[in-house]
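Undergrad: What follows is a predicted structure for the sequence shown.
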Amino acid sequence: MTAMNEAQLETSDGVRMFSRRGLTIAAVAAVAALFTGTTSVAVAAERVRYVALGDSYTSGPFIPLMRLDPLGCARSTNNYPSLLSRKLKPASFTDVSCGGAATANMTTSQSVPLGTNPPQFAALRADTDLVTIGIGGNDFTLFGTLIDTCPKLRASDPAGNPCQRNFTVDGVDTMKVTAAKIRPRITAVLAGIHARSPRATVLAIGYPRIAPATGTCPDLPFAAGDYAWLSSIEEALNAAVSDAVADDGASSYVDIFTPSLGHDACAGGAAWINGKDLNILAAANYHPFRAGMEGVANVTYRALAAARR
């Protein structure tokens with residue numbers, strides 16, 4: 001990254017911005033102006049073209065109402081891209097996020113129940129102004145492995161950390177090693193977005209907290225000692241996203257883990273994340289409720305607005 005062509009910004013909300021001068025900085029300012037109500041006539045006339053990419057933490061499975069294009073993607077009309085779009089009122093909005101998507105599904109189609117989701121990059125255009133992407137948790141089956149394995153091990157040592165021990169080999173935490181391997185994949189995805197939509201502001205959205213900072217609850221059936229470890233794996237995954245943004249040098253990372261403190265799966269009525277039980281009228285197990293999507297949309301909204309200040 002050269003000083004003449006690119007700059008690194010730190011917003012007041014702690015959002016890391018890596019921008020190419022004359023491209024992303026201008027686009028961020030235009031988008032933020034729309035949010036803050038201080039648009040000039042020229043900016044207001046050029047409403048953004050917004051594309052949302054991502055996995056199930058973007059698509060919002062079982063959050064009413066579900067879309068049918070295809071149904072197997074479990075794409076909600078009230079996921080965070082849809083909620084953000086209502087705030088932004090863009091000239092166009094395209095959401096191609098899909099449950100189960102991995103970084104490979106940016107460039108390859110994804111088979112889902114009752115259909116196929118085309119490569120998500122097919123939605124990008126040269127005149128796309130804003131792209132949000134939430135991806136990485138399904139690579140190397142990181143998230144699924146945790147959810148499938150840890151509850152089964154709880155009974156062997158309810159007060160201990162059997163899942164952490166299971167994934168520690170010769171003193172090495174293999175899940176954290178796996179999380180680190182996701183970083184270059186996300187870096188490549190970000191480069192692919194820029195190649196297809198060179199004028200776009202690109203926001204890489206992090207993952208929210210699942211486990212509480214202290215305490216346990218029946219809705220999250222991990223051994224007590226594995227709660228902190230689960231959070232550390234999430235932090236490693238978010239670090240992979242954040243570090244990929246830094247490697248890319250022209251995108252922004254939106255931290256969701258920090259503002260989701262107190263909104264974990266054990267937070268009752270304040271929860272952003274569902275616990276172990278599927279609720280077909282509200283959320284998939286271990287996935288965001290509508291309240292979580294509203295939280296992510298609000299954090300992302302503020303991140304865009306902060307870029308203009």
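TA: Received the coordinates, thanks. Numbering: from 1, shown residues only.

Undergrad: all helices of the stretch 51-200 of the chain, in order?
TA: Ranges of helices within the stretch 51-200 of the chain are 56-59, 80-88, 142-153, 162-166, 174-196, based on DSSP state H, counting those that start in this stretch.

Undergrad: Let's have these in JSON lines, adding distance to Asp226, mean neighbour count and mean pLDDT.
TA: C-betas here are computed from N, CA, C, even on glycine. As requested, the helices of the stretch 51-200 of the chain are exported to JSON lines (distance: least, CB to CB, whole Å; neighbours: other CB atoms under 10 Å; pLDDT from 0 to 100):
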{"stretch": "helix 56-59", "distance to Asp226": "21", "mean neighbour count": "28", "mean pLDDT": "98"}
{"stretch": "helix 80-88", "distance to Asp226": "28", "mean neighbour count": "22", "mean pLDDT": "97"}
{"stretch": "helix 142-153", "distance to Asp226": "6", "mean neighbour count": "17", "mean pLDDT": "97"}
{"stretch": "helix 162-166", "distance to Asp226": "5", "mean neighbour count": "20", "mean pLDDT": "98"}
{"stretch": "helix 174-196", "distance to Asp226": "11", "mean neighbour count": "19", "mean pLDDT": "98"}
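
Undergrad: which residues pair with the spatially most central residue of the chain across the strands?
TA: Within the chain, one residue has its C-alpha closest to the average C-alpha position: by CA atoms, centre = their mean, that is Gly134, at 3.0 Å. The bridge-partner assignment for Gly134, based on DSSP bridges, gives Gly54.

Undergrad: cool, Ser92 as well?
TA: Arg49.

Undergrad: right, and it touches Arg49 too?
TA: Yes. Counting by CB atoms under 8 Å, a contact exists between Ser92 and Arg49, whose distance comes to 4.6 Å.

Undergrad: Compare the two (neighbour count), which wins?
TA: Under the neighbour definition other CB atoms under 10 Å, Ser92 and Arg49 were set side by side, and Arg49 has more, 20 against 14.

Undergrad: Any figure for the gap between that one and Pro90?
TA: 6 Å (CB to CB, to the nearest Å).

Undergrad: hmm, back to that, okay, the residue nearest to the centre of the chain: pLDDT?
TA: Gly134 is assigned a predicted lDDT (pLDDT) of 98.

Undergrad: thought it was touching Tyr207?
TA: Yes. Contact between Gly134 and Tyr207 holds when scored by CB under 8 Å: they sit 7.4 Å apart.

Undergrad: Mind listing the shared neighbours of the two?
TA: When contacts are counted by CB atoms under 8 Å, 6 or more residues apart in numbering, Gly134 and Tyr207 have Tyr57 as shared neighbours.

Undergrad: Please name the bridge partners of Ile205.
TA: Taking DSSP bridges, one finds Val254 as the beta-bridge partners of Ile205.

Undergrad: Surely it touches Leu53?
TA: No. Under the criterion of CB under 8 Å, Ile205 makes no contact with Leu53, lying 9.8 Å away.

Undergrad: Between these two, which contacts overlap?
TA: Taking CB under 8 Å, 6+ apart as the criterion, Ile205 and Leu53 both touch 132-134.
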